[in-house]
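Visitor: test case, fold it:
(2 chains)
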There are 2 protein chains.
Amino acid sequence: MASATHSMRSKVYQQGSRPDLRVPFTRVELSGGEPPVLLYDTSGPGGDLTMGLPELRLGWITERGDVDTAPAVGPANEGRMVRRARAGRRVTQLHYARSGIITPEMEFAAIREQMDPEAVRAEIAAGRAILPNNINHPESEPMLIGEKFLVKVNANIGTSAVSSGIAEEVDKMSWACTWGADTVMDLSTGKHIHRIREAIVRNSPVPIGTVPLYQALEKVNGDPQLLTWEIYRDTVIEQAEQGVDYMTVHAAVLLAHVPLAVDRVTGIVSRGGSIMAAWALARHEENFLYTRFRDLCEIFAQFDIAFSLGDGLRPGSIADANDEAQFAELRTQGELTTIAWEYDVQVMNEGPGHVPLHKIKENVDKQKLWCSDAPFYTLGPLTTDIAPAYDHITSAIGAAVIAMHGTAMLCYVTPKEHLGLPNREDVKAGMIAYKIAAHAGDLAKNHPGAQVWDDALSKARFEFRWEDQFNLAIDPDQARSYHDETLPAIGARTAHFCSMCGPKFCSMKISHELKDLAAQGMAMKSAEFKEAGAKLYLPLA
Amino acid sequence: MASATHSMRSKVYQQGSRPDLRVPFTRVELSGGEPPVLLYDTSGPGGDLTMGLPELRLGWITERGDVDTAPAVGPANEGRMVRRARAGRRVTQLHYARSGIITPEMEFAAIREQMDPEAVRAEIAAGRAILPNNINHPESEPMLIGEKFLVKVNANIGTSAVSSGIAEEVDKMSWACTWGADTVMDLSTGKHIHRIREAIVRNSPVPIGTVPLYQALEKVNGDPQLLTWEIYRDTVIEQAEQGVDYMTVHAAVLLAHVPLAVDRVTGIVSRGGSIMAAWALARHEENFLYTRFRDLCEIFAQFDIAFSLGDGLRPGSIADANDEAQFAELRTQGELTTIAWEYDVQVMNEGPGHVPLHKIKENVDKQKLWCSDAPFYTLGPLTTDIAPAYDHITSAIGAAVIAMHGTAMLCYVTPKEHLGLPNREDVKAGMIAYKIAAHAGDLAKNHPGAQVWDDALSKARFEFRWEDQFNLAIDPDQARSYHDETLPAIGARTAHFCSMCGPKFCSMKISHELKDLAAQGMAMKSAEFKEAGAKLYLPLA
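Guide: You can find the predicted model right below:
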């Protein structure tokens, strides 16, 4: 049908309204006279990952005239110059959007989504979408998290006390972006947190999220009772100056919620949630992240850090799904969302966890209602507890369904969930499963343009354009390798059948013959058909 | 908390109302004083797979007095004695159920489902469930396919003209049953179809399905136009005498439907559908499977073969989902369902295919309505076309959702779908993904007892009973191996943390401390709490 010669993938840039606004895409050239397909591209500019990426957004940040460069004040940042809002200024995309300004960041993200920049501005202004990009992370490529946009995927990486090193984590970050990670969370604990994060932020083309509580706890040798607001605040400032784009803050775990979780099958399964619950319960004091939330908002507004309001009481088992502990916290997340907006700070809300299929929609409905349509960012959810080692699959099922109902970003789960830290292979497995879930969600939401990809691949499949099919696949290498396992000859890549059915039983081959047959039948027997089967052949007329 | 010493998996049998009725389960012994968990077991009695399995159901079949043993008449069965209904008798479970009889087969299946045998009989009598078991396949263990029962999974195996041999296919069948296959379809084409099927049926503890059309087509050297009713009928009889339990029959692909599919993105993607469409269109005659359907019913009733009414026009791409071709065929499937019931023949209906998430429910709704609540048996559906090499995941998402809505059996899809024939590793990957989807469906349907498994595993997880967690896992080996990758010492299997978070950040460890803390708080500070926080601590009282 068509030669496979010209089929290939390449990186291209689409020019925006100004010379320094060039938006990356993966362009898949197709054979057979088919138009090329542009795919959203998260892989970044590449290069030497010890050197740091180019500062793409530096001009956009400085030209607004609302940012100062000054010596850092955060611990471990001594001697470093960092950016911070000028006194009294809020340098957030929410602030600009509310002021009616379409920033270059918004235009960049709009081009990625192939949507109108004004629609992007309006969604951000309404709080229904966020564009997380700390002014100290000018290397990142702007992207959107919101129900109206493509469903995004976050990849968690990070060391623990018993595993992994700096180069390995930077590699995982970059590898995750290669496979489509839209943001990366560095969840490192143990030693060298600051240095690992620095290496990750400087080399990341996507927004970086963290849970500052983990580093704060390291500073008090792991004893929750020794945590103070001051230690936490200084940790937030340290990370803000490094360029962390969004931070998970477990401010909605209130003292009053803790007893609701004590008799659960799996108690509290969020690290941050359990730490703050332990702190609050041991001291009989309200969670300081809640009582100091307005102070945090002031800091976040100076760097354009987005809140990812943590769900510290998310269910860790099917039995605990949609319980009172979970929903009590969600109500508080809603209260805090509104407060953050007072400060022009961008907010998204984190969600579960482990939830059976029939209880997923309720999570989205309640989150939209209580959190005023702020973007929802969910971990999975896992739709059953019985498959450790396959939780990328148990949760991709839940992730696709929750995305269909309106979740804006999915936090991936790897096959190692519940068992250990993901290695490079697990990161890829988690990413692929979640890009599938996200795209299934895009299709179900009728995202304009989502189906173009499916249609191009299916048309290539139907026309036996094997190279086109591989190049359009979410993982071209794996698709090619599986095909070649049973039909290894290069010639087989142009064959009009595959090893599944062999040449005689290929339904697609027969379908093409049918099409010819139907067309011939029309020409030769039209008179006869008109009498006996006019209705029958109508669709072909 | 608990020693892992006694944790183990073993096969046990539950005794029914008669000595020869012993129902297999996997029993998972747990440590820590937890009660054992019984899991549904499809693995069969095991043994040498060249010898054939014991004839479990032989006594039940013969004692009813409605079966004769006589020389076979089907091609390739010469010299063999086979069972067949006595003249004028219908030996189907539907016939017995309608007559008010609870057969040993029904009791066996009821015990497996841990349900009331009378409820099983009633579901079969109403046509809402089938119990496929050809009287010439006495080796099989009775099982149910119906919305009220556990969601089942079928594994497709079989050679094609370019791949695989007999021993390999028998091994795949057995391997699929090890991982939970409830039925197996032998979709072999090419040479040796008869011998491969014989080896599979004799060694299979689960019902075997086939598509007789494939073998019939081999008999006419692959030219659809040479097919005749007589060749097809004799093939059906040959397979009936061997013991095939259900047959896919593409009787609902009518001549009038073909033009509806011609302009699709992916035409006709069912092998059987495309063959019958080609036959009908080339000859300008109605599909002989449709015109001779009552003759087929007569044959099926003599062996208790169940119809799996094929969906020859199922969509092969997102673009073609829920189109007129698909639904026109489904209406005809409904018409044929009612006809089969006239003959006391058991029926299920096959369904798609490729369907985006938001269009899945419509498939189940229409199938229930048009096919009078006969069981639905679906391939996936795949929720996106973009992930060849990962279609076990794209389709497990759709499978879980369609199961939630009421699909009774899921046909697995392996990572090789669209690319080649599955090997042993692919069979396992497909099975695991689909057992997850089926169980997620069971949970969503609130199947009694489904959540026991999740709760036992989650409780083991929360209490750091690692060996219990592994033994309860859907794949104990893989779970154990992932855990040991990062914490290899045997001691780590009793550790109160894992490598994901390390000891300091283990939320579950903190949760246990919280529980203690909360309890102490209650004891020591009760007076104080009653004033300040009575509401707060109430759930602990």
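Visitor: these two touch, right, A:A72 and A:R80?
Guide: Yes. A:A72 is in contact with A:R80 according to C-beta atoms under 8 Å; the separation is 4.5 Å. Any C-beta I mention is one placed from the backbone N, CA and C, and that applies to glycine too.
Visitor: show me which of the two is the more surrounded one.
Guide: A:A72 (19 against 13; other C-beta atoms under 10 Å in any protein chain shown).
Visitor: one step back: need the overlap of contacts for A:A72 and A:R80.
Guide: In terms of C-beta atoms under 8 Å, 6 or more residues apart in numbering or on different chains, A:A72 and A:R80 are both contacted by the residues A:E241.
Visitor: ranges for the strands of the stretch 251-400 of chain A?
Guide: Along the stretch 251-400 of chain A, counting by DSSP state E, counting those that start in this stretch, strands occupy A:306-309, A:347-351, A:376-379.
Visitor: and the second one, average pLDDT?
Guide: What strand A:347-351 shows for mean pLDDT is 98.
Visitor: what does the first one give?
Guide: Confidence over strand A:306-309 (mean pLDDT, whole number) is 98.
Visitor: pull up the pairing partners for it, direction included.
Guide: Counting by DSSP bridges, the strands paired with strand A:306-309 are strand A:246-249 (parallel), strand A:347-351 (parallel).
Visitor: any idea how far the residue nearest to the spatial centre of chain A is from chain B?
Guide: Closest residue to the average C-alpha location of chain A: A:V153 at 2.1 Å, with C-alpha atoms, centre = their mean. Noted for A:V153: a distance of 14 Å to chain B, by C-beta to the nearest C-beta, to the nearest Å.
Visitor: so that residue sits in a strand?
Guide: Yes. Inclusion of A:V153 in a strand is indicated when DSSP: H, G, I helix; E, B strand; the rest coil is applied.
Visitor: wait, it touches A:A433, no?
Guide: No. Proximity of A:V153 to A:A433 does not meet the contact threshold set by C-beta under 8 Å, at 9.5 Å.
Visitor: so what sits against both of these two?
Guide: A:Y412.
Visitor: coming back round to it: most tightly surrounded among the strands of the stretch 251-400 of chain A?
Guide: When the strands of the stretch 251-400 of chain A are scored by mean count of other C-beta atoms under 10 Å in any protein chain shown, the highest mean neighbour count falls to strand A:306-309 (a mean of 29).
Visitor: let's verify A:V73: helix, strand, or coil?
Guide: The three-state label given to A:V73 by three-state DSSP is coil.
Visitor: can you map out the helices along the stretch 51-200 of chain A?
Guide: For the stretch 51-200 of chain A, applying DSSP state H, counting those that start in this stretch gives helices covering A:58-62, A:93-98, A:104-113, A:117-125, A:166-178, A:193-203.
Visitor: burial of the nearest residue to A:V201 once chain neighbours are set aside, as a residue count?
Guide: The shortest distance from A:V201 to any non-neighbouring residue, by C-beta to C-beta, 6 or more residues apart in numbering or on different chains, is to A:G243 (4.6 Å). By the criterion of other C-beta under 10 Å, A:G243 has 26 neighbours.
Visitor: on that earlier part again, quickly list what the residue nearest to the centre of chain A is bridged to.
Guide: A:L410.
Visitor: show the pLDDT at it.
Guide: So, for A:V153, pLDDT stands at 98.
Visitor: now do A:R493
Guide: The predicted local confidence for A:R493 is 68.
Visitor: try A:G46
Guide: With respect to pLDDT, A:G46 has a value of 86.
Visitor: can you tell me the SS state at it?
Guide: Per three-state DSSP, the local secondary structure of A:G46 is coil.
Visitor: how close does the closest residue to A:K515 other than its chain neighbours sit to A:R465?
Guide: Closest residue to A:K515 apart from its sequence neighbours, by C-beta to C-beta, 6+ apart: B:V262 at 5.5 Å. Note on B:V262: its distance to A:R465, by C-beta to C-beta, to the nearest Å, is 20 Å.
Visitor: same question, A:H194
Guide: Taken as C-beta to C-beta, the span from A:H194 to A:R465 is 50 Å.
Visitor: out of these two, which sits in the more crowded spot?
Guide: Between A:H194 and A:R465, A:R465 has the larger neighbour count (other C-beta under 10 Å), namely 26 against 19.
Visitor: look up how far B:V265 lies from the more buried one.
Guide: In terms of C-beta to C-beta, A:R465 sits 13 Å off from B:V265.
Visitor: rewinding a little: the residue nearest to A:V201 contacts A:P132, doesn't it?
Guide: No. The criterion here is C-beta under 8 Å, and A:G243 misses it with A:P132 at 11.0 Å.
Visitor: re earlier: how about TSV for the strands of the stretch 251-400 of chain A, with distance to A:A282 added?
Guide: Below are the strands of the stretch 251-400 of chain A laid out as TSV (distance: least, C-beta to C-beta, whole Å):
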stretch	distance to A:A282
strand A:306-309	23
strand A:347-351	24
strand A:376-379	27
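Visitor: and B:G47, which of the ones you listed is closest to it?
Guide: Taking C-beta to C-beta, strand A:376-379 is the member of the strands of the stretch 251-400 of chain A nearest to B:G47, at 44.6 Å.
Visitor: on the pLDDT front, check the closest residue to A:L357 other than its chain neighbours for me.
Guide: Leaving aside its sequence neighbours, A:L357 sits nearest to B:A444 (C-beta to C-beta, 6+ apart; 3.8 Å). The score at B:A444 is 98. That number is its pLDDT.
Visitor: from B:T407, how far off is B:A444?
Guide: According to C-beta to C-beta, B:A444 stands 11 Å off from B:T407.
Visitor: got the domain ranges for chain A?
Guide: For chain A, the TED database gives the domain ranges A:57-377, A:450-532.
Visitor: indicate which one of the ones you listed is closest to B:E55.
Guide: Ranking the domains of chain A by distance to B:E55, with C-beta to C-beta as the measure, places domain A:450-532 first at 33.4 Å.
Visitor: with adjacent residues omitted, what lies nearest to the closest residue to chain B within the stretch 201-350 of chain A?
Guide: Checking the stretch 201-350 of chain A residue by residue against chain B with C-beta to the nearest C-beta singles out A:G267 as nearest, at 3.1 Å. Distance criterion C-beta to C-beta, 6+ apart; nearest residue to A:G267, sequence neighbours excluded, is B:S511 at 3.1 Å.
Visitor: which parts of the helix or strand harbouring that neighbour are buried?
Guide: Using DSSP states H and E, B:S511 maps to helix B:507-524. Buried residues in helix B:507-524, defined by neighbour count with 16 or more other C-beta atoms under 10 Å in any protein chain shown: B:S507, B:M508, B:K509, B:I510, B:S511, B:H512, B:L514, B:K515, B:L517, B:A518, B:G521.
Visitor: do stretch A:257-265 as well
Guide: Quick answer for stretch A:257-265 (16+ other C-beta under 10 Å): A:H257, A:V258, A:P259, A:L260, A:A261, A:V262, A:R264, A:V265.
Visitor: check contacts around the residue nearest to A:G267.
Guide: A:A261, A:T266, A:G267, A:I268, A:V269, A:S274, B:F462.
Visitor: low-confidence bits of chain A, can you list those?
Guide: A:1-7, A:161-164, A:488-494, A:497-502, A:520-541 (pLDDT under 70).
Visitor: of the contacts of B:S511, which belong to helices?
Guide: With helices taken from DSSP state H, the overlap with the contacts of B:S511 comprises A:A261, A:S274, B:F462.
Visitor: take those and write them to JSON lines, including distance to A:V355.
Guide: Shown next, in JSON lines, are those (distance: C-beta to C-beta, whole Å):
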{"residue": "A:A261", "distance to A:V355": "16"}
{"residue": "A:S274", "distance to A:V355": "19"}
{"residue": "B:F462", "distance to A:V355": "17"}
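Visitor: list phi and psi for the closest residue to A:M185 other than its chain neighbours.
Guide: If the residues on either side of it in the chain are set aside, A:M185 comes closest to A:G209, at 4.1 Å by C-beta to C-beta, 6+ apart. Dihedral pair for A:G209: phi -110, psi 150, per degrees, to the nearest 10.
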